[in-house]
Each structure stands twice: as C-alpha cells, then as structure tokens.
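J.: Turn this into a structure:
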Amino acid sequence: MADILLAYWSGTGNTEMIAEKIKEGMLSAGVEVDMRKIDEIDPSEISNFDKICFGSPSMGDDHLEEDEFEPFFNSVLPLLNGKKVALFGSYGWGDGQWMDYWVKVVNQTEAVLFDEQLIINLSPSTEEDLTCMAFGASFAIF
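T.: All right, here's what the predicted structure looks like:
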C-alpha cells in the first residue's frame, strides 16, 4: 500500500498539474503515492492512510469547490483524527482566502495539519513547479 494518499479535484486542470508536481516531490523523497481524483476514492479508504494530501481549487467567492470536493471532504473529516494532512490548490481571483477557511476546518479536527499550505495562482510556472515538488518532498518526510 502507498504511504500517502494524494486526493484532489480539478476543474480546469490547474490543480491536477500541481498534484502531479507534488507527487514528483513525494516520489523523490522515497515514498509511495496513491494519487487519485476524489471521485475515484471511497471515503472509507481514508482510514487506510496515515498521510493525506488534499487538493482543491478555490471557486466562486473564494471557497472550496462545492459540488464534488466539499461534500467529499466533509464526509472524510471525522476520519482524519490522528492523520497527517496537507492542503493545496489553485485560485484565479481573490488572494487565497479559501485556504484560510480550509485550514480552520481541518484545525477543528484531531488531524495533524502540515505547517505549510500550497496555493498557486492559476497554473504553476516553471519556478512554481519546483515549489510544488519541494512541498511534496517536505510533506513526505513530515
């Protein structure tokens, strides 16, 4: 079984590009990664992982994608107790307030939130690709 679940939702492909680079960083740190879109994950599978990296873009008025990702995430919240969790995503407007909200939600659980969150405006640049990879490598050894 993989060491880390990398679970994400992507509408335009930006969050998926970020996830791919994060996975590269995790693999470079020597861990096994199970990377899947949230519609490919049964919420009960969360219990099988000690580390989960969640990715969602900001939507609308700067909140989590509400049709698929947020319902999935809310369904797994009770399963995060004691798990190490990292958060990432992309945004196209605002300045990333959705991440502040998301951090507050995770901090209300017994999860161990990774100190860093990763937000990228739209799609990652070449320099931001390296940032994504470093984020993945850091979470892998967290």
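J.: what residue is smack in the middle of the chain?
T.: Nearest to the mean C-alpha position of the chain, by C-alpha atoms, centre = their mean, lies Phe54 at 2.2 Å.
J.: Can you list the strands that the helix or strand where Phe54 lies pairs with?
T.: Assessed by DSSP states H and E, Phe54 sits inside strand 51-55. Strand 51-55 pairs in its sheet with strand 4-8 (parallel), strand 84-91 (parallel), by DSSP bridges.
J.: which residues sit against the longest one?
T.: If I follow you right, that is strand 84-91. Contact with strand 84-91 is made by 8, 14-15, 18-19, 22, 50-58, 62, 98-99, 102-103, 106, 111-114, 116-123, 132, 135, 139, 142, as judged by C-beta atoms under 8 Å, 6 or more residues apart in numbering. Backbone N, C-alpha and C define where each C-beta goes, glycine included.
J.: What's the first helix or strand after it?
T.: helix 97-107.
J.: Now do the helices in this protein.
T.: For the chain, the helices defined by DSSP state H occupy 14-28, 69-76, 97-107, 126-141.
J.: how far away is the closest residue to Glu24 other than its chain neighbours from Lys21?
T.: Once flanking residues are discounted, Glu24 sits nearest to Met133: 5.2 Å by C-beta to C-beta, 6 or more residues apart in numbering. Met133 is 5 Å from Lys21, where distance means C-beta to C-beta, to the nearest Å.
J.: With mean pLDDT and mean neighbour count as extra columns, can I get the strands paired with strand 51-55 in JSON lines?
T.: Below are these laid out as JSON lines (pLDDT from 0 to 100; neighbours: other C-beta atoms under 10 Å):
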{"stretch": "strand 4-8", "mean pLDDT": "98", "mean neighbour count": "24"}
{"stretch": "strand 84-91", "mean pLDDT": "96", "mean neighbour count": "23"}
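J.: okay, the ones you listed in JSON lines with distance to Asp67 next?
T.: Formatted as JSON lines, those follow (distance: least, C-beta to C-beta, whole Å):
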{"stretch": "strand 4-8", "distance to Asp67": "15"}
{"stretch": "strand 84-91", "distance to Asp67": "15"}
